[in-house]
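# Sequence and computational prediction follow.
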Amino acid sequence: MEFHNKALPGKVSRIGFGLLITGLILMVAAFALDYRRAMFDYLTMFMWLLSLGLGSLGLIALEYISGATWSTPFRRVSEFLASLLPVMFLLVIPVVVGMKELFVWTDPQVVKSDAVLQGKEPYLNTTFFIARAAICLLIWVVFYFFLVRNSQKQDSESIPQYTKSNIRLSAIFTPIFMVTLTIIAIDFMMSLFPHWYSTIYGVYYFSGTLVAAYSALTLISVLLKEGNYLSSRINNDHFYSMGMLMFAFNIFWAYIAFSQLLLQWYADIPEETFWYIIIWEHSWKVVSIALFLVHFAIPFLVLMPRSVKTNLKKLKFMAIWMLVAHYLDLYWLIMPAYDHHSAVFGWQEIGFPLFAVGVVVVIFKMKARKTNIIPVGDPKLESGFNFHL
Amino acid sequence: MIGKIKNKLKEVNNRNLEQKRSDELYAIGALFDTPDEIMDAAGKTTEAGYEEFDVNTPYPVHGMDQAMKLKNTMVGKTTFIFGFLGTTAALLMIGWMSGIDYQNIIGGKPFFAIPPAIPITFELTVLLGGLATAGLMLTLFNRLPWINNPLHDTNYIKQTASDKFGLVIYAKDKNFNIATVEGFLQSIGGKSIEKINFFEVREDRVRTPIFDFKFIALLAVVTVVTAVTAYGILRYVLFLPPFDFMWKQEKVLPQEKSTFFADGFSMRPPVEGTVSRGYIPYEYQGLPDSVVTLLANPLPINAEVLAKGKQRFNTYCSPCHGYYGEGDSRLRGQFPNPPSLHTDKVRQWADGNIYHVITNGQNVMSSYAKQISRDDRWAIVHYIRALQRALNAKDEDLN
């Protein structure tokens, strides 16, 4: 059998724990120095990890309901990434504890003197916020648990029945996924500016989430392929498809971001435009232009030729690039709430992404120790290996 | 007569369409039975060093481009170049039209701005890229229409069009030698090996048929005939009987004179002195300010009137005068800023003066009589008074 479960080298754990601990130390120092700023950085990191975990669960569901076979050999990578979701229960605690620093609507004094916030109070209040976050997280973890349990049981039992029940689960999950993701995007990010609203916000975060999930899937798959942990039957067409989807969802992100801008630019209503004025003045303007270049213009041109999508080295570079771009996207969404006038960046901001990458690496390694990297019992696997464009 | 035509048609139908072939060899073809065989054969042909060869299959075979070691075509690059041309053309077009040639203020936006230009830019990029790809792929890369390909009318192409897989090695290949090629095709498992000669008329030596004079002339004739016919029908034929029954009605068309009424108008003007319901004429039209001063505000001062005045003021007046009447316009210099409403002059004005200015306009301010009803104008006057008092509040106002 060529699907021997080769253990990942110990180096991976060492790198993971190294990043985790370095990040943790820097994070603690950042919290000690400036609690409020660190809270916003923490929220950025939290949303980035959520993008990876939730987006990967979305990809698994997408594979099942669309009946895709090409991605079956890599489904475990998404499953391992989706195992970030249970960890999110731990990671969300600091956000809830530091709510008062993040969200102005938690302050009764502010709400009292603000007619708009009074109107939104039935939705934007601490109790309901925590309840929503808990329910959404619980839903994701429950679906994660059942989807992954079925998939892993298949390794030893090889029964198609598990695939069937996963298709059913995915069909139920997908609409719930869209609604819960929108709720969390609105609660955790849009309510940082409680007077501002955009009806496309949920889709905007969703598009970024899928970019991040595909980039992470591509990056890890390329790394595993280089280390020979995946089957030799995985060919360039698989990687080409990943690059293609990364490219496609990147354009989708730009499309959604532009749709929001165009409508609010045309309507020119003060309650919508004030947010654009914040991010288009002072040093935030630089970040906005950088985001356009880093998240859309450069990857659009670089990922366009076929040769880049079939060259693993270039693909790996672009996957890392897109993950950084998604972090920048979240920074641009969240940090203007900390400082309306200037984009802050210092050593405090460095520890958080390090910690986040550390968490992903450690969890991936832990999961890979117990489970096959390839879903050997899946009936779609053979067809997945034979995939050709 | 009819019999003659029938005979002529029969003659044309039974004409021998088979074209004569020359002695010059075009290619040698061989047939294979399965897609696996043809993949294997294509790989071996590449390995043997043949470069000028081709494969004909009844349906697309996956991986054939790799087996034949085909390089990426220029089609993708063509799409990119023409797409980029579309982007540039769209931006230049919109920039010239709305920024230079026909400047129009729409919602206080700049004449030329990027956001509204993006959808059109996107459309033109896709349109030009798509059309150029389809058009150039057919004409430039596939060199169509090429109706005289030597492979036509051969047993080889007939078989590959139904259920066989064919491979041809062209005579222009630098390693070509009839005996070795035949032997090679046999050695890789090819069946019914067939020599294919050129037709006597060689299209590959004449220029691309799309630039042929006859073809272009035909296109021109078709275009002119279509356009002239359409124009003639729409301009003349539709106005002839019996097609005119729809538009020939007993009514007066725009720009036409009525023959029924002596004054030539089709509609009757209202009786002199008619007023629309609820309309109260402004009796001080064009009179000097000193007369207007006598006009008193008919509305009482209460919360309802002030709220209405505030709403109307914020809608109609505040864009130029500012929310507090201080002359701080929101129009970013696209229209001159008015003076403040808190100057001594305006504060000493009677209510009637302010009403008069709203009704008739003053300097660059135009009349608002059409936009704001009479009562609303008086409500605004009350509200301006309230603003004036608020910005120059005395101590006793606080009680």
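Structure's in. What do you need?
# Pretty sure residue A:155 sits against residue A:372.
Yes - with contact defined as C-beta atoms under 8 Å, residue A:155 counts as touching residue A:372 (5.5 Å). Any C-beta I mention is one placed from the backbone N, CA and C, and that applies to glycine too.
# More neighbours: which of the two?
residue A:155 (18 against 15; other C-beta atoms under 10 Å in any protein chain shown).
# Low-confidence ranges, the stretch 201-350 of chain A, go.
The model of the stretch 201-350 of chain A has no residue with pLDDT under 70.
# Lowest average confidence across helices and strands of chain B, where is it?
In chain B, no helix or strand scores lower on mean pLDDT, DSSP states H and E than helix B:289-292, which sits at a mean of 68.
# Can you name the next helix or strand after that helix?
Remark: after helix B:289-292, the chain's next helix or strand is helix B:303-312, criterion DSSP states H and E.
# what's in contact with that following helix?
B:299, B:372, B:376, B:379-384, B:386 (C-beta atoms under 8 Å, 6 or more residues apart in numbering or on different chains).
# So of those, which two are at opposite extremes in space?
B:372 and B:386 (17.3 Å; C-beta to C-beta).
# Which residues of the stretch 151-300 of chain A lie near chain B?
Applying C-beta under 8 Å from any C-beta of the partner chain, we find that the stretch 151-300 of chain A lies next to chain B at A:258, A:261-262, A:265-266, A:268.
# Assign a three-state SS to residue A:309, would you?
helix (DSSP: H, G, I helix; E, B strand; the rest coil).
# Wait, it touches residue A:238, no?
No - using C-beta under 8 Å, residue A:309 is not in contact with residue A:238, being 10.7 Å away.
# Now for the nearest residue to residue A:368 once chain neighbours are set aside, how many residues are close by?
Leaving aside its sequence neighbours, residue A:368 sits nearest to residue A:8 (C-beta to C-beta, 6 or more residues apart in numbering or on different chains; 5.2 Å). Residue A:8 has 17 neighbours, counted by other C-beta under 10 Å.
# Tell me how far residue A:8 lies from residue A:370.
12 Å (C-beta to C-beta, to the nearest Å).
# Please write out the alpha-carbon positions of the one helix or strand residue A:349 maps to in PDB.
According to DSSP H and E, residue A:349 maps onto helix A:347-370. C-alpha atoms of helix A:347-370 as PDB (Å, rounded to 0.1, in the frame of the first residue of the first chain):
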ATOM      1  CA  TRP A 347       6.800  45.200  17.700                       C
ATOM      2  CA  GLN A 348       3.500  44.600  19.400                       C
ATOM      3  CA  GLU A 349       1.900  43.600  16.200                       C
ATOM      4  CA  ILE A 350       4.500  41.000  15.400                       C
ATOM      5  CA  GLY A 351       3.800  38.600  18.200                       C
ATOM      6  CA  PHE A 352       0.200  37.900  17.200                       C
ATOM      7  CA  PRO A 353       0.800  36.400  13.700                       C
ATOM      8  CA  LEU A 354       3.700  34.400  15.000                       C
ATOM      9  CA  PHE A 355       1.400  32.900  17.700                       C
ATOM     10  CA  ALA A 356      -1.300  32.200  15.100                       C
ATOM     11  CA  VAL A 357       1.100  30.400  12.800                       C
ATOM     12  CA  GLY A 358       2.400  28.500  15.800                       C
ATOM     13  CA  VAL A 359      -1.100  27.400  16.800                       C
ATOM     14  CA  VAL A 360      -1.800  26.200  13.200                       C
ATOM     15  CA  VAL A 361       1.500  24.200  13.000                       C
ATOM     16  CA  VAL A 362       1.200  22.600  16.400                       C
ATOM     17  CA  ILE A 363      -2.500  21.600  15.900                       C
ATOM     18  CA  PHE A 364      -1.700  20.200  12.400                       C
ATOM     19  CA  LYS A 365       1.200  18.200  13.700                       C
ATOM     20  CA  MET A 366      -0.900  16.800  16.600                       C
ATOM     21  CA  LYS A 367      -3.700  15.800  14.300                       C
ATOM     22  CA  ALA A 368      -1.300  14.300  11.700                       C
ATOM     23  CA  ARG A 369       0.200  12.000  14.300                       C
ATOM     24  CA  LYS A 370      -3.000  10.200  15.000                       C
END
